[in-house]
Each structure stands twice: as C-alpha cells, then as structure tokens.
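Trainee: I would like to see how this sequence folds:
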Amino acid sequence: MRLGRLFAALIALATLAGCEGTELPGFLAGSADTAGAAGAGGAAPASSIPPKPPTRLTVTGVTVAAPEGYCVDTRARKGGFVLLAACSAISQSPEHPAPGRMGLLTATIGKRGSGADPVNPGQLAAYFRSASGRAALSYAGEASSVVITETVERPGLFMVALVDSAAPPSPELGTARWRGFFTVNGRLVSVVLHSLKDDPVGKQAGLGLLQEFVARIRAETAG
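Mentor: Coordinates of the predicted model:
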C-alpha cells in the first residue's frame, strides 16, 4: 500500500476518536481526561528528511508505547485517544521504518478511576457476544454486521478478534479488527488494531501484535 493511501486511512480513522470511549459493563465511561500529555519534542534537524515521529506518548499517567516499526501521530491525539501507524506513513518518508505487520493501532485512556478494578474477562466475553456488545463493536452500530472470530481471556486482559461487514470510515481499512481491554494506573485502557484492505493481517498475527502493544504499554507505564 502506497504511503499516501495509508496516510489517508490514518486521517480517516482519527475522526473516530470521539467514538472510542465505549462504555463497558462494570466500568466508568471510557472517555478520557485531556490534561497531562507529554511527548517527544525538539527542533527539527536541518535535513530534507522529516524527523522521525515519536514512539511513545504519555497521557494522564499512562505511557502509550509503539510496537516495532510503529510511531505515534501526535496530530491525531484527542483527549485520551492516541493513534499509531507505520512511522513512514506518519512522516510521509520512506526513510523511516515500517512494521512487518502493517495496520493502524489506537489506544484510548479512560478517566481516573475507570480502572479501579481489573477487567473481568468472562464478563466482557459474554457482553461482546451479546447483541448490544456486537453493536458496540460495529462501525455502523449494528450487531448483525459483526462476527466474533475469537476471544482471549487472561488475568487482567481481554481481547476479541472480529470481522465487521459495515462500511469503515475509510475504504483503505479492512473488515478485520482486534480489540483489547486492560487496566493500568487506575484507568481502563482500550486498544484496537485495524487491518488494512490491501495488506490484511491474519487473525493470530493480529492478536499477537495487539498483545505486544498491551505489553509495551504496561512495561513503559510501570517503568
């Protein structure tokens, strides 16, 4: 996929920032605080190559850290919503790295106290298999458009793989999507991997990438 097309998908996905705060059973609303962000900065080097985008961003005490080849698009950050893509797509420079498993990642950091209790994987599995849960996952808000292909339940972490036949916000995005939920520093964190239409990610590869994303957020926040 050409950088321009991937960048167009990235921008389209950023418009969903207000929709990422899904309310879950047993948790406070997932919308996030707007204060307390800190990212990599500094003057751009005197070069024709744009500076590499940052690979981490701290939002209200939670550090969103990118998997290998991914960077943070600081322009797309809205409240607790953080968008990550191939570093080369964000900078529009092939000089910067791209991941082996191409996709678009997002993280949404909930309000203070939203993660006072750890996630209950069994409860979330039942919720997202219900009509209301599948509707919450759908781009169109329609349960009939979503098919759950796998769920992963681990202590303090729930992940779900799905296929959504509803029209995505950009034609560059594919039908496959992965979501994960966990808590850190008293906040509920929702992470999403969006597959690309022309460069789809396999189900297990998607779950593996999402799990790596979760692990990096936990490690960087704890450190």
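Trainee: neighbours of the nearest residue to S145 once chain neighbours are set aside, how many?
Mentor: The shortest distance from S145 to any non-neighbouring residue, by Cβ to Cβ, 6 or more residues apart in numbering, is to A166 (4.0 Å). (Glycine included, C-beta is placed from N, CA and C.) Look at A166: counted by other Cβ atoms under 10 Å, it has 14 neighbours.
Trainee: so in the chain, which helix runs the longest?
Mentor: Ranked by residue count and defined by DSSP state H, the top helix of the chain is helix 203-222.
Trainee: flag every buried residue along that helix.
Mentor: 203, 205-211, 213-214, 216-218, 220-221 (16 or more other Cβ atoms under 10 Å).
Trainee: next: stretch 58-75.
Mentor: Neighbour-count burial for stretch 58-75, counted by 16+ other Cβ under 10 Å, picks out 58-60, 62-67, 69-74.
Trainee: report the two of those separated the most.
Mentor: T60 and G69 (26.0 Å; Cβ to Cβ).
Trainee: residue ranges for the strands of the protein, please.
Mentor: For the chain, strands defined by DSSP state E occupy the ranges 37-39, 56-59, 62-65, 70-72, 81-86, 104-109, 146-154, 157-164, 173-184, 187-196.
Trainee: and the second one, what other elements does it pack with?
Mentor: This points to strand 56-59. Judged by 3 or more Cβ pairs under 8 Å, 6 or more residues apart in numbering; DSSP states H and E, strand 56-59 is in contact with strand 37-39, strand 62-65.
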